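[1] following is a predicted model, sequence given first.
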Amino acid sequence: MAISKRKMNRIKENLTGYAFCLPGIVLFLCVGLYSVCFSIFLSFYNWSGVDFAGTARFEGLNNFKNFLANGNPINTKLFWTGLLHNLEIGALTMVFVIPIAMVLAYVVTNIKRGAGFYRTIYFLPMVASGVGISYVWKGLFGAKGFLNTMFDTLGLDFLVVKQGMLGDPKTALIGVVVTCIWSGIPGTLMLYYAGLSNIDNTYYEAAEIDGASKVQMLLKITWPLLKPMTMITVIQQLNGAFQMFENIWVLTGGGPGGATDVVGTLIYTAAFEDAAYGRASAMGWSVFLLTAVLSVISIRGFKSDT
Amino acid sequence: MSIRPKRFSIATLVKHVVLLAYAVACFYPFFWMVGTSLKSQTDALGNLASPIPEDGIHFENYAEVWEKLDFAKYFVNSISLSVVCVLCVVVIYSMVGFALARINFRGKNIVFATYVALILVPGLTVQIPLYINMVNLNLDNTFIGLLLPIVNGAGPFAVFMFRNYFMSMSHELFEAAKLDGCSTFRIYWNIYLPLALPVVGTIGVMNFISSWNGITWPMIILRDDTRFTLPLAVMFLDQSAFKQWNILMTGSLFSIIPVIVIFMCLQKSYIQGLSAGAVKG
Amino acid sequence: MKLKKRLFASVLAGVMLMTAGLTGCGGSDGGSGGGDSGKKEMELWTWKIAMTPGFEAAAEKFEEDTGVSIKVQAFSPDETYKQKVTAAANSGDLPDLIHWWASRGIGFENVLVNLTDKITDDYKAKFSSTAFNGSIVTENDVKNWANDPEKSDVVKSLNVGDCYHIPLDVGGFFTIFANTDILEEAGVSTEAPKTYEEFIENCKQVAENTDYGGFVFGGGLPDVYYNWMGRAIEAMYLGVDKSAGLVNRTEKMSDPENIKPLKMFEELVKSGGILDGTISKTIDDGDQSFAAGEAAYLLGGTFTYGQLSAMGMDVSKVTSFIVPAMEGSVAAEGFAVNPDPLTAMAISKDSEYQDEAYQFIQYITEDPEGISTFANGAYVVPAAKLTDETLGMLDPALQDMYSAMSDEPNVCWQVDNWEGTIGRKAEWTEFYNDMQKIITGELTAEEVAANFDKNAEAQAASGN
């Protein structure tokens, strides 16, 4: 036989790889591919949502021009400010969520008593979500809400926001970020928890013998070993920030005066209030491209770091 | 980690203070839900932001909701969706993740890059095409039609997680098993998957919750309310012209308490599995 | 080797299972309520969960009369319903009856039954005179849609007079509610203020003399103030021509006369008469804070009384009046709240029972029993013109709401239906956002007006 054993092995390994991927890929081909392609396709059409063959109108790049390059000056302005807000929310959320979640996960894995109790409580924000929770936030942030009352009684007048945190354009985005941090921590905490339980204890023991402090251990051992989890978190948070919609919609509706408008709220308005599905898709996929670039950059960054 | 007796009390105290402070932040909304569920309708409507009922405690809300809500039926709908969803996600995508981490095959990078890219797909814009797709497959208003897109949607992130985790596990394990004559599937199923329990747990819990709490997709694909999941059924408890937050929150509690109970039960075996895995590794 | 086989076997099994799932289980589609048993069953979709009891009660009686049963199914929230209907329309999966917002040019008329022939003058006379505003395509619509690059071909193909849905319920705004207890405490007259200026003064007095706020509304929604109040003040002050000119880009907002209504709003803000935190309130939040006795005045509509009493407020101390005009208004005479159409019912072209579906719509819009059963169950004011007898069959609160509205088209209606109007374009959305910035003190009235003019010009120049 002319085929060498090495080549044989190579083919075998290829086939094994495909076999392992097969169920996932078949599922994607059946369920995901069509909707992704159709939705991209849609970005180049004007379509009200019914009978594509009969009523869709090819628009070329007009949908993109509309909000990217002054095809519609107001939409263009809204899109870029919205995108900026997305970026701000994503960056600020990450800066807080990652360290907080990491420290909490570290502490939870290192306590003897009550770990189960804390884990159960920490998991609550994941289940207790939805529209109702926005009222909790409104209660905390309102003009006469918990925060203002607290600052007032503590004599920290300069922290009191007269219209309430969500009612002042200067602070509304901060309020939104606070809610994002709150809802972002549990998932990240779980990721880190999973990561931490995979770290070999001998690393710490060796470090302890060398006389390293807790902080040093956290920075020199835990942080580098958790890098894969951090990368996942960064991408997850980035993606979450750029696809954010419902959270903002129920909390501020994008206001006041557009101070918390994000691309998600604009996509929603385009699709469901203006019935411009084409433009909505175009916006969605533009943001997709942007987040893809940002993700590639951050993945590269994590790789070159190690 | 070894404990040094002299530092024990202060360090532990600090830890618990930190943990408790955060626990309060996590617990508060839940507390609010319970408080609101005990209010009268006017109290809930007029005094929504506060968690404290001002118009007496109304346990009868629970009786009313229990009577109105066909809990058993919707619970079965929800639990079967979530369990099947978690099983599918874990099995299908841990296989993909394993292949991407441990098997060298042609096109591996393309598969991985595609999955990473799919994480970023704008959810809001693919919803209608997705529905059209499911109708074309004749899966409109079916359990399978409800399930498959949820599983597929969870795929990219799960692949990413499993791959990274399998990559971080020692490669020698694979080589050693290979030399012992194990088939690749055996290595995956008997060695790698059990050791990946932390990720299985994380992915499992995340997908359990998201499939349990999901509202939009079930609402779009199902047209028959006997197939509704629990959170959907809860939304329809309140048919009054003016919102009955007390009823809605009571219903929400009915729909999230099973998740909490399941989480608490699973946590035990999860932790046991973790320590078992640690011994093995 | 044996294990390898097992690997393939299990993967194969997995794939087979999936294909089986895809093809086999597809059979259990419960889509159409086909008439195998000879019994006619229709399906009705709505997004208003609160209106389902009304539809169900009417459907029950309808079935007694005709033998046709109707399955009412609600899907919520709004955006999910919109997606569901769009997607269903796309795949020929629509229910027989589709409940929808009463607006013209909805975008999927191509899958609905064209009801135009049914809308005779006699037929229209059975409804409030403004009820069909949301349903019948006007000359202006056709012209504007033709010029709008963003409108879909479905909308562009509609003709003047086309009608695809029948209005079910109506509502009106432009109403201010007053808490007389607070007014008395502040030493302010409990009589309705005669002018906007007087109203501002009252708000100011309340804020200064008491711990309460003056005025509250759903300020978190940028357009609530303008749509429920501001446009009436503006149209009464400037008159219909000029007010319509602002819509049609022939007038400048920064014109010294045209800016006055906006400046008066700025006055209201500066007077401190608006309750702190109004800017982040939804409509319900605004009602709630008025019901909790936090403010003396509330901006509302026909529904507000019901909402307030559901919130536990003692409505005997609440009075209401129509928004007062500014001093020097030219068209303030006889301003009344019109019944604006809110929701409507359409019929799917694919329906097997188009006649029965139309019969059901007739039942809930024309038959006294049907009207009252539906309206009381759904707690809405019917779009139909009611005889005294039918009116008497309604819930007393609904009767009051019905009587609070007048058929006589007011100035706002006239602005909206101005001959040749281009309708409110994107500069208005920006304007509403900018008005929020007046409340937060970021912008002055002059700046907002200048922005508006600039935006209108830029939009016009770019063909939007």
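    On my side now, so go ahead. Numbering: from 1, shown residues only, chains lettered A, B, ... in the order given.

[2] mind listing what's buried in stretch C:105-120?
    C:105-113, C:115, C:119 (16 or more other Cβ atoms under 10 Å in any protein chain shown). Every residue, glycine included, has its C-beta placed from N, CA and C.

[3] return only those of those found close to chain A.
    For chain A, the contacts drawn from these by Cβ under 8 Å from any Cβ of the partner chain are C:106-108, C:110-111.

[4] may I ask which helix or strand of the chain has the lowest mean pLDDT?
    Just going to use chain A. In chain A, no helix or strand scores lower on mean pLDDT, DSSP states H and E than helix A:131-141, which sits at a mean of 78.

[5] oops, I was thinking of chain C
    With mean pLDDT, DSSP H and E as the measure, the helix or strand of chain C carrying the lowest mean pLDDT is helix C:2-23 (a mean of 44).

[6] that one: what's the following helix or strand?
    Of the helices and strands lying after helix C:2-23 in sequence (DSSP states H and E), the nearest is strand C:41-46.

[7] pull up the pairing partners for that next one, direction included.
    The strands that strand C:41-46 pairs with in its sheet are strand C:69-74 (parallel), strand C:97-101 (parallel) (by DSSP bridges).

[8] close to chain C, is stretch A:140-148?
    Yes - counting by Cβ under 8 Å from any Cβ, chain C has neighbours in stretch A:140-148: A:141-144.

[9] and residue 203, what element?
    No chain specified, so I'll use chain A. helix A:201-209.

[10] not quite, I wanted chain B
    Element membership for B:Ile203, per DSSP H and E: helix B:197-213.

[11] which bits of the stretch 1-150 of chain B sit near chain C?
    Those residues of the stretch 1-150 of chain B that sit near chain C, judged by Cβ under 8 Å from any Cβ, are B:41-43, B:45-48, B:55, B:91-92, B:127-128, B:131-132, B:135-144, B:148.

[12] what subset of those residues is buried?
    Neighbour counting over the residues of the stretch 1-150 of chain B next to chain C (16+ other Cβ under 10 Å) leaves B:41-43, B:45-48, B:91-92, B:127-128, B:131-132, B:135, B:137-144, B:148 as the buried ones.

[13] related to what we said a few turns ago, may I have the helix holding B:Ile203 as CSV, with CA atoms only?
    Provided in CSV are the C-alpha atoms of helix B:197-213 (Å, rounded to 0.1, in the frame of the first residue of the first chain):
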residue,chain,number,x,y,z
LEU,B,197,-17.2,19.1,36.0
PRO,B,198,-16.8,22.8,37.0
VAL,B,199,-17.5,23.9,33.4
VAL,B,200,-20.3,21.4,33.0
GLY,B,201,-21.8,22.8,36.2
THR,B,202,-21.4,26.4,35.0
ILE,B,203,-22.7,25.8,31.5
GLY,B,204,-25.5,23.7,33.0
VAL,B,205,-26.7,26.2,35.5
MET,B,206,-26.4,29.1,33.0
ASN,B,207,-28.4,27.3,30.4
PHE,B,208,-30.9,25.9,32.8
ILE,B,209,-31.7,29.4,34.0
SER,B,210,-31.8,31.1,30.6
SER,B,211,-34.0,28.4,29.1
TRP,B,212,-36.2,28.5,32.2
ASN,B,213,-36.5,32.3,32.3
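
[14] returning to that earlier point: out of the residues of the stretch 1-150 of chain B next to chain C, which are close to chain A?
    Taking Cβ under 8 Å from any Cβ, the overlap between the residues of the stretch 1-150 of chain B next to chain C and the neighbourhood of chain A is B:48, B:91-92, B:128, B:132, B:136-137, B:148.

[15] so which of those are in helices?
    Among those, the subset assigned to helices under DSSP state H consists of B:91-92, B:128, B:132, B:136, B:148.

[16] C:Gly293: which of those residues is nearest?
    Proximity of those to C:Gly293 (Cβ to Cβ) peaks at B:Ile128, which lies at 45.7 Å.

[17] excluding its backbone neighbours, what's nearest the closest one?
    Take B:Ile128 and drop its neighbours on the chain: the residue closest to it by Cβ to Cβ, 6 or more residues apart in numbering or on different chains is C:Ala87, 5.0 Å away.

[18] pLDDT averaged over stretch A:208-225 - what is it?
    Within the predicted structure, the mean pLDDT of stretch A:208-225 is 83.

[19] buried sites along that stretch?
    By neighbour count, and taking 16+ other Cβ under 10 Å as the criterion, the buried residues in stretch A:208-225 are A:212, A:214, A:217, A:221-222, A:225.

[20] who's in contact with that stretch?
    A:102-103, A:106, A:195-196, A:199, A:203-204, A:207, A:230, A:306, B:2 (Cβ atoms under 8 Å, 6 or more residues apart in numbering or on different chains).

[21] span of it from start to end?
    End-to-end distance of stretch A:208-225 (Cα to Cα, to the nearest Å): 17 Å.

[22] centre of the chain to that stretch, how far?
    Computed by Cα atoms, centre = their mean, to the nearest Å, the separation of stretch A:208-225 from the middle of its chain amounts to 29 Å.

[23] so which residue is dead centre in the chain?
    Because you didn't say which chain, this covers chain A. The centre of chain A sits closest to A:Gly240, judged by Cα atoms, centre = their mean, with a distance of 1.9 Å.

[24] actually, chain C is the one I wanted.
    C:Leu342 (4.8 Å).

[25] not counting sequence-adjacent ones, nearest residue to the residue in chain C that chain A sits nearest to?
    Sorted by distance to chain A under Cβ to the nearest Cβ, the residues of chain C start with C:Gly277, at 2.8 Å. Spatial nearest neighbour of C:Gly277, excluding adjacent residues (Cβ to Cβ, 6+ apart): A:Ala143 at 2.8 Å.

[26] if we can go back for a sec, can I have the buried ones of the residues of stretch A:140-148 next to chain C as a PyMOL selection?
    For selection in PyMOL, the members of the residues of stretch A:140-148 next to chain C meeting the burial criterion (16+ other Cβ under 10 Å) are listed in this command:
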select buried, chain A and resi 141+142+143
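
[27] state the pair within the residues of stretch A:140-148 next to chain C that is farthest apart.
    Pairwise across those, and taking Cβ to Cβ, the largest span is found between A:Phe141 and A:Lys144, at 10.6 Å.

[28] part of a helix, is B:Ala241?
    No - using DSSP: H, G, I helix; E, B strand; the rest coil, the assignment for B:Ala241 is coil, not a helix.

[29] quick one, phi/psi of the closest residue to it other than its chain neighbours?
    What sits nearest to B:Ala241 in space, not counting adjacent residues and going by Cβ to Cβ, 6+ apart, is C:Tyr379, at 3.9 Å. For C:Tyr379, the backbone dihedrals (degrees, to the nearest 10) come out as phi 60, psi 60.

[30] how many neighbours does C:Tyr379 have?
    Using other Cβ atoms under 10 Å in any protein chain shown, the number of residues around C:Tyr379 comes to 20.

[31] could you point out which element follows the helix or strand containing B:Val14?
    In this structure, B:Val14 is located in helix B:5-37 according to DSSP H and E. In the C-terminal direction, the helix or strand that comes right after helix B:5-37 (DSSP H and E) is helix B:41-46.

[32] biggest strand in chain C by residues?
    strand C:340-347 (DSSP state E).

[33] for the record, mean pLDDT for that one?
    The average pLDDT within strand C:340-347 is 95.

[34] can you tell if that strand touches chain A?
    No - counting by Cβ under 8 Å from any Cβ, chain A has no neighbours in strand C:340-347; the shortest distance is 12.7 Å.

[35] any stretches of the chain with poor pLDDT?
    Unless you meant another one, I'm taking chain A. Chain A contains residues with pLDDT under 70 at A:1-3, A:129-132, A:304-306.

[36] that's the wrong chain, I meant chain C
    Across chain C, the ranges flagged by pLDDT under 70 are C:1-38.

[37] per-domain residue ranges of chain C.
    Described in terms of automatic domain parsing, the domain architecture of chain C consists of the residue ranges C:41-172+C:339-393, C:175-336+C:424-461.

[38] near chain A, which residues of the stretch 201-350 of chain C show up?
    So the stretch 201-350 of chain C meets chain A at C:219-222, C:275-280, C:282, C:285 (Cβ under 8 Å from any Cβ).
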